[in-house]
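In: Coordinates only, no sequence provided:
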């Protein structure tokens, strides 16, 4: 009697990537359904870093809330400070001195460079450039920016520097020369990284055509920031809805063509160059005068509501504030770009390989402090 | 016999000892093992230190510099730490295989050294030396798969699956490149291969050298071919579940294997113990370290390829290249008497042209169609 061979049965298996995983950038978790190496389905799970910032803010005063915003996107705290402060100033109708506006722009752009350096570095790290070499090169430059921040406000992270009505203190002596030196050095470093990375065959192989985000899908999912511009959509709040002094500054908005991982990476590299341009202009035009409008410690915003947004390194960062005229906000809502950009993750990952997962996630540049709030 | 003769050729010591004990075969064996351990253990410690220093310098930092002068005692400190750590085995894994795998991973890497000739006499002159090394060297992957399976961990299994696919694919170009050497030298014995090299084979057969190094890097699973333990994707691959001494056995196995392959490259391409002046076996050791240094350099620089791209590279690039190489070498061997030294002047440009030409034709498999998400029901 002929024995019948048992049919080979295959099934997909589930892998938990995270919350403790080297390349999920914090406590992010992806439940991957895998068919061998191919991703069949992804379920992003977050909330491990939830601190209830929005509720906490309702219990603190308007002035104190600046410190809470530091802890959202902790790699670009200056941008968060600025976004919140813009919303409060819009609500209360506070005018800010010219010098303060310039200082704010300088800080925000330095933040952008620091954040993009981290984004590109950790993204290359996810790609497996062994033992952190690119990340450490990026750290080298970021260190100089942190030194500048430390010089200004004594902090290297969580600055609480940009305050309602201006900034907490004037630029120290020696800041402008130090910044000018940095502006002179930095283009050379960006060029150096480009020579290493731009045409690297392995990098191209891993990035081109991976994690393609078509422009219509990006717009439908409300993606913003470099991830949106990588898909070829020219949308940057600094020009689309200028705040502070951005309407007076000249800079280009780099965009990608295919919307793949490579384009998002290129957009970040190019944005660093544009940020340097902005920095050069705002340092050149830096006026004298007061660095703040005095705001009382017991500041009470008039009853009403306001929404202010800006182009943070990760995308559109917005604060929606409701005031009942008391010492603290009645409602404090954050539009976190990382969180909303994560919405497209499932679409991007399905059908790709495990190795592409981490690269795609890295190219979206999420930060858990902001996603979970 | 003078003192110098003993230093120059350590096998003289073995012969002397064997004379005292009556020339038993096992005395030779034990002495050989002792000598090998005396070379391997300090070398491994040194290599770990060298690699960490090289990485440090590549990454604009110091590298280990706390334990001992220049951090030289860092590997010792690491060893103590690792040995005092608890060795945990997963409760639902296969206990026996889990414990067996690290030991099995270490053994083949060490066994390769048995056939490496340190000088003309300091060697087991195996007539099938090359065959032996390739056969033994490819055993390591079995231990890797064993570890991946026994861990009962999905990351480990993924890593093990990748390891098997990769090793099987890269074995082919590796063996084919060695075949070109065997064609030219007319021998499988490593001693003969070294003696053949009046001009190092690196210059005579640059293409073979390239294929061999790339395939060997893949066998060693170093970047850009380290997908089987890709830390940013599958945590640590097949040794995710290992800790303490079992883990460090894998770690040591990896370095021993790297050392063995460096030794093989130094022997087959860089002329082994030649030039035969001074202390010959020291020449070989210096060459081994130099080759290893290049390996570290590559590891500290390049990003990693994807699984499918790795396979594509092995089958679509290296494999045809190896066949072309064999064709060229065969023609040269047939057409010319022997394999004259001036051929290096011809072969280097030929290799460059073929490599550049192939690289123009070949592109790593890139994704073209955007992925589509299924509708959620």
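Out: Looks like it arrived, so ask away. All of these numbers come straight from a predicted model, not from anything done at the bench.
In: Which stretches in the stretch 51-200 of chain B count as helices?
Out: Shown for the stretch 51-200 of chain B, the helices assigned by DSSP state H, counting those that start in this stretch span residues B:74-83, B:95-111, B:129-137, B:140-150, B:154-185, B:190-196.
In: Out of those helices, which is the most enclosed?
Out: Ranked by mean neighbour count under mean count of other Cβ atoms under 10 Å in any protein chain shown, those are led by helix B:140-150, which reaches a mean of 24. Backbone N, C-alpha and C define where each C-beta goes, glycine included.
In: what domains does the record give for chain A?
Out: With domains defined by automatic domain parsing, chain A comprises A:10-50, A:51-213+A:275-355.
In: quick one on the thing from earlier: now for the helices of the stretch 51-200 of chain B, which one comes closest to chain A?
Out: Closest to chain A of the helices of the stretch 51-200 of chain B, according to Cβ to the nearest Cβ: helix B:154-185, at 5.0 Å.
In: what angle separates the closest one from helix B:129-137?
Out: 180 degrees (axes from the mean of the first three to the mean of the last three Cα atoms, to 10 degrees).
In: So helix B:154-185, near chain A or not?
Out: Yes: contact between helix B:154-185 and chain A is present through B:154-155, B:158, B:161-162 (criterion: Cβ under 8 Å from any Cβ of the partner chain).
In: So chain B: which segments form each domain?
Out: B:1-84, B:86-362.
In: Please identify the most buried of those domains.
Out: domain B:86-362 (a mean of 20).
In: Which residue ranges of chain B form strands?
Out: Using DSSP state E, chain B contains no strands.
In: helices and strands of it: which one has the lowest mean pLDDT?
Out: Least confident helix or strand, chain B: helix B:231-234 with a mean of 69, by mean pLDDT, DSSP states H and E.
In: for the residue nearest the centre of chain B, what are its contacts?
Out: For chain B, residue B:261 is the residue whose C-alpha lies nearest the centre (Cα atoms, centre = their mean; 2.8 Å). Applying Cβ atoms under 8 Å, 6 or more residues apart in numbering or on different chains to residue B:261 gives the contacts B:137, B:216, B:219-220.
In: quick revisit: kindly reformat the domains of chain A as TSV containing distance to residue B:59, mean pLDDT and mean neighbour count.
Out: Formatted as TSV, the domains of chain A follow (distance: least, Cβ to Cβ, whole Å; pLDDT from 0 to 100; neighbours: other Cβ atoms under 10 Å in any protein chain shown):
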stretch	distance to residue B:59	mean pLDDT	mean neighbour count
domain A:10-50	17	82	17
domain A:51-213+A:275-355	4	87	20
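In: Using CSV, lay out those domains together with distance to chain B.
Out: Shown next, in CSV, are the domains of chain A (distance: least, Cβ to the nearest Cβ, whole Å):
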stretch, distance to chain B
domain A:10-50, 4
domain A:51-213+A:275-355, 3
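In: does residue A:33 count as helix, strand or coil?
Out: Of the three states, residue A:33 takes strand under DSSP: H, G, I helix; E, B strand; the rest coil.
In: Relative to residue A:60, which of the domains of chain B is closest?
Out: domain B:86-362 (38.4 Å; Cβ to Cβ).
In: what's the first-to-last distance across that closest one?
Out: End-to-end distance of domain B:86-362 (Cα to Cα, to the nearest Å): 48 Å.
In: still on that earlier bit, adding mean pLDDT and distance to residue A:180, write the helices of the stretch 51-200 of chain B out as a markdown table.
Out: A markdown table is the format used below for the helices of the stretch 51-200 of chain B (pLDDT from 0 to 100; distance: least, Cβ to Cβ, whole Å):
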| stretch | mean pLDDT | distance to residue A:180 |
| --- | --- | --- |
| helix B:74-83 | 86 | 41 |
| helix B:95-111 | 86 | 55 |
| helix B:129-137 | 86 | 57 |
| helix B:140-150 | 86 | 55 |
| helix B:154-185 | 86 | 49 |
| helix B:190-196 | 83 | 61 |
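In: Please tabulate the domains of chain B in CSV, including the columns distance to residue A:313.
Out: Putting the domains of chain B into CSV (distance: least, Cβ to Cβ, whole Å) gives the following:
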stretch, distance to residue A:313
domain B:1-84, 24
domain B:86-362, 22
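In: Tell me how far the residue nearest to the centre of chain B lies from chain A.
Out: Residue B:261 is 18 Å from chain A, where distance means Cβ to the nearest Cβ, to the nearest Å.
In: how much space between that residue and residue B:78?
Out: Distance of residue B:261 to residue B:78, computed by Cβ to Cβ, to the nearest Å: 23 Å.
In: What of residue A:243?
Out: Using Cβ to Cβ, residue A:243 is found at 53 Å from residue B:78.
In: Going by residue numbers, what spans are helices in the stretch 201-350 of chain A?
Out: Counting by DSSP H, counting those that start in this stretch, the helices of the stretch 201-350 of chain A are A:201-207, A:215-220, A:226-230, A:237-240, A:261-284, A:337-341, A:345-349.
In: Now do the contacts for the most centrally placed residue in chain A.
Out: By Cα atoms, centre = their mean, chain A has its centre lying nearest to residue A:314, at 2.7 Å. For residue A:314, the contacting residues are A:73, A:76, A:115, A:225-226, A:337-338, A:341, A:365-367, A:370, by Cβ under 8 Å, 6+ apart.
In: mind redoing it with 7 Å?
Out: Residue A:314 sits next to A:73, A:225, A:337-338, A:365, A:367, A:370 when contact means Cβ atoms under 7 Å, 6 or more residues apart in numbering or on different chains.
In: Give me the secondary structure label for residue A:16.
Out: Following three-state DSSP, the label given to residue A:16 is strand.
In: beta partners for the closest residue to it other than its chain neighbours?
Out: With sequence-adjacent residues excluded and distances taken as Cβ to Cβ, 6 or more residues apart in numbering or on different chains, residue A:16 is closest to residue A:31, at 6.0 Å. Applying DSSP bridges to residue A:31 gives these bridge partners: residue A:16, residue A:43.
In: all strands for chain A, in order.
Out: Using DSSP E, the strands of chain A run over residues A:13-17, A:29-35, A:38-45, A:162-163, A:166-167, A:304-312, A:315-323, A:331-335.
In: Could you say which one of these comes nearest to residue A:186?
Out: strand A:304-312 (20.0 Å).
In: The closest one vs helix A:261-284, what angle?
Out: With the same axes, to 10 degrees applied, the angle from strand A:304-312 to helix A:261-284 works out at 110 degrees.
In: Run through chain B and note the low-pLDDT ranges.
Out: Residues of chain B that meet the criterion pLDDT under 70 lie in B:1, B:23, B:228, B:230-232, B:338, B:363-377.
In: if I look at the residue nearest to the centre of chain A, how far off is residue A:340?
Out: Taking Cβ to Cβ, one finds residue A:314 at 10 Å from residue A:340.
In: got it, and residue B:299?
Out: In terms of Cβ to Cβ, residue B:299 sits 38 Å off from residue A:340.
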